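1. turn this into a model:
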Amino acid sequence: MKRLQLFEFEDFSWFPDFVRSPMTRLLQAMNKLMGMDEAIAILLNKVIEDSGIKTIVDLGSGSGGVMPLVLNQLQKTVEGTQLILTDIHPSKEAIEKYKGANGLSYHPEAVDANNPDSMPSGIKTMINSFHHMPPGVAGGILSAAQKSQEPILIFEMQENKIPTIIWALFLPLGLLITFLLALMLTPFSRPITLRQIILTYLIPIIPLVFAWDGQASYARMYSMDDIDELLSRLEEADYKWEKGVGQKANGKKLGTYLIGLPNP
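-> You can find the predicted model right below:
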């Protein structure tokens, strides 16, 4: 496989929530500026139309990510759409934030993306989180979706196309760019706390970790060929898979996706 099995700080259970939450808010701000909610909403509209299911269960949500914005888009076109955010390390801050929100809730118990029994029922989504899974686990997630006969949408904001050697050679430059990006995005990542400001501009722990995780995540993403290899390991079933490049409402390409659907 082209994918590299690197680490990201946010994968560790010991990683403090007061750093994890600002990082996920930075990602949310970046995703919003890129218009990722449009691209995901277009794909989910198709999944809802094909499956008739209006409950979306997001796996690996962190502090919420882009999915609350996606829900806003969907509720304009699909009445009764519900979104349940989940994570193996549930965010206490996000649980309180989304309590009582219209059609939106955060599951308070740990949900393991590799354990179907821990998940609520509905369309499963993994947004910018599938690359966290090593191949054995990633294949297990695809197999579980197929066996459960429930739809799944996997979306990554980039496509892993750059040769690994080029990624490694330009890693220092990539780290610097992502570090500066974190400084620029912080004013847009609401709500901003005093601790976040201190750990961004005075003691730049958040930008440093954000820079590494951002660069490592690219190398960890599954290429299209990697996805084909994972799918080739699955047993045949009455289930169909579709992969491709996402598009925003204006037709501009953004991200890659893999959709799994039970056959009608």
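2. only C-alpha atoms from now on, for both contacts and neighbour counts.
-> OK.
3. where does the protein have its least confident helix or strand?
-> Among the helices and strands of the chain, helix 92-97 carries the lowest confidence by mean pLDDT, DSSP states H and E, at a mean of 82.
4. and it, what does it pack against?
-> Under the contact definition 3 or more CA pairs under 8 Å, 6 or more residues apart in numbering; DSSP states H and E, helix 92-97 sits against strand 104-106.
5. against residue 159, how distant is residue 167?
-> When distance is defined by CA to CA, to the nearest Å, residue 167 is 13 Å away from residue 159.
6. check residue 239 too.
-> Residue 239 sits at a distance of 25 Å from residue 159 (criterion: CA to CA).
7. now swap in residue 188 and tell me
-> From residue 188 over to residue 159 the distance is 25 Å, taken as CA to CA.
8. quick one: low-confidence ranges for this protein?
-> Counting by pLDDT under 70, the chain contains no low-confidence range.
9. tell me where it has strands.
-> All strands of the chain, identified by DSSP state E, fall at 55-59, 82-85, 104-106, 123-127, 152-156, 239-247, 253-262.
10. in a markdown table: the ones you listed, plus distance to residue 183 and mean neighbour count.
-> Below are the strands of the chain laid out as a markdown table (distance: least, CA to CA, whole Å; neighbours: other CA atoms under 10 Å):
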| stretch | distance to residue 183 | mean neighbour count |
| --- | --- | --- |
| strand 55-59 | 28 | 24 |
| strand 82-85 | 27 | 24 |
| strand 104-106 | 28 | 23 |
| strand 123-127 | 23 | 23 |
| strand 152-156 | 23 | 25 |
| strand 239-247 | 28 | 16 |
| strand 253-262 | 23 | 20 |
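11. sorry, back to before: check the offset of the least confident helix or strand of the chain from the chain's centre.
-> Offset of helix 92-97 from its chain centre (CA atoms, centre = their mean, to the nearest Å): 18 Å.
12. next, the angle from the longest helix anywhere in the chain to strand 253-262.
-> Using DSSP state H to define each element, the chain has its longest helix at helix 17-34. Interaxial angle, helix 17-34 versus strand 253-262 (axes from the mean of the first three to the mean of the last three CA atoms, to 10 degrees): 100 degrees.
13. C-alpha coordinates for helix 17-34, PDB please?
-> Extracted in PDB, the C-alpha atoms of helix 17-34 (Å, rounded to 0.1, in the frame of the first residue of the first chain):
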ATOM      1  CA  ASP A  17      -8.900  17.600  25.600                       C
ATOM      2  CA  PHE A  18      -7.800  21.300  26.000                       C
ATOM      3  CA  VAL A  19      -5.500  20.800  23.100                       C
ATOM      4  CA  ARG A  20      -7.600  18.300  21.100                       C
ATOM      5  CA  SER A  21     -10.700  20.500  21.100                       C
ATOM      6  CA  PRO A  22      -9.000  23.700  19.700                       C
ATOM      7  CA  MET A  23      -7.400  21.500  17.000                       C
ATOM      8  CA  THR A  24     -10.700  20.100  15.900                       C
ATOM      9  CA  ARG A  25     -12.100  23.700  15.900                       C
ATOM     10  CA  LEU A  26      -9.200  24.700  13.600                       C
ATOM     11  CA  LEU A  27     -10.200  21.900  11.300                       C
ATOM     12  CA  GLN A  28     -13.800  22.900  11.300                       C
ATOM     13  CA  ALA A  29     -12.800  26.500  10.400                       C
ATOM     14  CA  MET A  30     -10.600  25.300   7.600                       C
ATOM     15  CA  ASN A  31     -13.300  22.900   6.300                       C
ATOM     16  CA  LYS A  32     -15.900  25.700   6.300                       C
ATOM     17  CA  LEU A  33     -13.600  28.000   4.400                       C
ATOM     18  CA  MET A  34     -13.000  25.300   1.800                       C
END
